[in-house]
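> Show me how the following folds:
(one chain, ligands or ions: 1)
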Amino acid sequence: RRKWKRVVGVLKELEESCETTVGRLKQVVDAMAVEMHAGLASEGGSKLKMLLTFVDSLPSGSEKGIFYALDLGGTNFRVLRVELGGQRSDLDPDVEQQPIPEQLMTGRSEDLFDFIASSLYQFVEKNDSVQSPITKLLGFTFSFPVKQTSVSSGVLIKWTKGFAIRDMVEKEVAGALQQALTRKGLNMRVSVLVNDTVGTLALGHYHDADTVAAVIIGTGTNACYWERTDAIIKCQGLLTTSGGMVVNMEWGNFWSSHLPRTSYDVKLDAESPNPNDQGFEKMISGMYLGDIVRRVILRMSEESDVFGPVSSRLYVPFTLRTPLMAAMHEDDSPELTQVARILKDFLDIPDIPLKARKLVVKICDVVTRRAARLAAAGIVGILKKIGRDGSGGITGGRSRSDIKMRRTAVAVEGSLYTQYTMFRDYLHEALNEILGEDIARHVVIIVTEDGSGTGAALLAASHSSEN
Ligand code: ADP
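Numbering: from 1, shown residues only. Below you'll find the model as predicted:
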């Protein structure tokens with residue numbers, strides 16, 4: 001019995017250190033808005049990079065024609081073709097996906113881009129005339145950190161996600177692809193180079209013109225939003241026809257002392273390949289949530305016998321993937337049979353009492369609730385920065401409900417939001433709590449699908465007259 005008490009103590013400590021009261025979330029909101037400001041004020045002024053995208057107009061629905069996109073950002077790359085009729089409609093792009101041969105991820109850039117150009121050539125051949133004298137336009141989504149020099153060019157800062165093509169670092173990315181297309185004899189121009197969040201924002205805006213920001217919560221997490229150019233202080237004299245530009249926040253790297261941090265987070269960070277980096281992401285995204293839960297179970301197992309003898313699997317990082325964690329969290333069977341199965345099959349923990357299985361569900365709940373609520377605070381931070389959180393308009397004794405709050409949409413993508421119901425519910429709940437229901441009514445979350453690909457094609461379309 002004393003052992004059980006120990007475990008309850010560990011849980012209580014976890015709950016306390018993951019505490020996300022509305023008060024604390026509001027501090028995170030303020031910190032996010034402050035850091036955004038700092039990142040816009042000067043290069044390196046904040047952990048938020050606040051990268052310029054040079055995307056100064058978003059698709060409206062009036063785009064016409066056939067456009068292509070290439071989406072490169074992980075183990076697979078995708079090519080895509082979309083036909084736009086000049087009116088908002090359900091887009092039904094043709095998409096083909098291919099894995100990138102591993103040797104190309106660490107070889108020479110020419111080989112990688114020649115490979116991609118060949119795939120594109122074959123893809124175009126299926127639908128259109130490759131020989132056509134009309135130049136086809138391509139949106140290129142490249143989900144690695146890029147320093148943009150224009151809407152269609154940028155320099156790779158560093159590789160992530162297992163790519164290590166040395167001759168590409170600090171080189172112009174769109175140019176490398178363009179040369180490969182030319183070598184292949186494909187009459188196609190890379191007309192925009194964008195980050196995946198920017199694609200999501202573009203697709204969101206195509207469907208709903210009130211869309212001002214986009215958030216991705218998948219393996220990692222990031223956000224971008226529409227900013228007034230005069231607020232981008234670090235780039236004096238930045239002029240666009242629209243008066244605005246999309247800013248890629250790289251918010252995964254956000255940090256604030258107000259973030260509720262546990263000893264498990266500290267260890268996860270210290271043992272990661274990128275310590276002190278991506279602190280916000282490590283509390284929120286799919287890559288990490290399961291591993292936080294594994295660490296809590298390990299600690300409990302070490303301190304008591306409620307999980308039987310300590311399973312050696314518990315020591316292996318990332319053995320408990322986030323989809324498994326979600327499946328345990330959402331197990332609604334009275335005997336928690338999913339939890340029992342997953343613990344046995346994946347962590348080698350068989351036959352534990354129902355009480356211990358309930359404990360595991362509780363751990364998943366605490367970790368996911370914190371993640372979703374922090375993501376919500378991040379979103380409100382963006383709204384606050386652009387004056388859409390309802391706080392700006394309060395004057396002379398008017399109550400909050402009197403404020404004319406403009407309808408505001410945020411496009412969201414990623415499996416954490418779309419596949420993990422509890423995560424989504426907690427995120428919505430926190431938005432309501434932070435904003436208050438009167439304001440929250442005006443904030444709509446729209447789920448876009450495959451914005452990273454389709455959105456890039458739309459941007460190729462909406463920027464086609466300009467370059
Ligand atoms: P991307 O890799 O492009 O971000 P996704 O948006 O699909 O792709 O996110 C994948 C991440 O989401 C993975 O890290 C995975 O752990 C997590 N994930 C996938 N399905 C689920 C699910 N049903 N519940 C919780 N997390 C999930």
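
> since we're on H329, how many residues are nearby?
25 (other Cβ atoms under 10 Å). No exception for glycine: its C-beta is placed from N, CA and C like everyone else's.

> For the residue nearest to it when sequence neighbours are not counted, give me its contacts.
Distance criterion Cβ to Cβ, 6 or more residues apart in numbering; nearest residue to H329, sequence neighbours excluded, is C364 at 3.8 Å. Contacts here follow Cβ atoms under 8 Å, 6 or more residues apart in numbering; on that basis C364 touches V293, M325, A326, M328, H329.

> Quick one: those as a markdown table, columns for pLDDT too.
Output for the contacts of C364, formatted as a markdown table (pLDDT from 0 to 100):
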| residue | pLDDT |
| --- | --- |
| V293 | 98 |
| M325 | 98 |
| A326 | 98 |
| M328 | 98 |
| H329 | 98 |
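
> which of those residues lies closest to the ligand?
Closest to the ligand out of the contacts of C364 is A326 (3.3 Å), distances taken as Cβ to the nearest ligand atom.

> Quick check: the residue nearest to H329 vs the ligand, distance?
Using Cβ to the nearest ligand atom, to the nearest Å, C364 is found at 10 Å from the ligand.

> Report the buried residues of the strand or helix carrying that residue.
In this structure, C364 sits in helix 354-385 according to DSSP states H and E. The neighbour-count check on helix 354-385 (16 or more other Cβ atoms under 10 Å) flags 356-357, 359-361, 363-385 as buried.

> again, but for stretch 43-54
G45, S46, K47, L48, K49, M50, L51, L52, T53, F54.

> now for those, which pair is the farthest apart?
Using Cβ to Cβ, these span at most 22.6 Å, a distance reached by K47 and F54.

> Now for K161: which residues touch it?
Going by Cβ under 8 Å, 6+ apart, K161 touches G73, G74, T75, F144.

> just the buried members of these?
Buried subset of the contacts of K161 (neighbour count, 16+ other Cβ under 10 Å): G73, G74, F144.

> near the ligand, which of these show up?
Among these, proximity to the ligand is found for G74 (Cβ under 6 Å from any ligand atom).

> Same list (the buried ones among the contacts of K161) but as TSV, adding pLDDT and secondary structure.
TSV is the format used below for those (pLDDT from 0 to 100; DSSP: H, G, I helix; E, B strand; the rest coil):
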residue	pLDDT	secondary structure
G73	85	coil
G74	76	coil
F144	89	coil
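
> which among the buried ones among the contacts of K161 gets closest to G86?
G73 (29.7 Å).

> how close does the closest one get to P273?
18 Å (Cβ to Cβ, to the nearest Å).

> ok, how many other residues are close to the closest residue to G73 other than its chain neighbours?
Leaving out its chain neighbours, the residue that sits closest to G73 by Cβ to Cβ, 6+ apart is S143, at 2.9 Å. Look at S143: counted by other Cβ under 10 Å, it has 21 neighbours.

> I'd say S143 and L70 touch.
No: with contact defined as Cβ atoms under 8 Å, S143 does not reach L70; the gap is 11.5 Å.

> Next, the contact list for the closest residue to the ligand within the chain, please.
Among the residues of the chain, G218 lies nearest to the ligand; the distance is 2.1 Å by Cβ to the nearest ligand atom. G218 is in contact with S285, G286, E413, G414, S415, L416, counting by Cβ under 8 Å, 6+ apart.

> Report the separation between the first one and T106.
Between S285 and T106 the distance, using Cβ to Cβ, works out to 25 Å.

> Cool, thanks, signing off.
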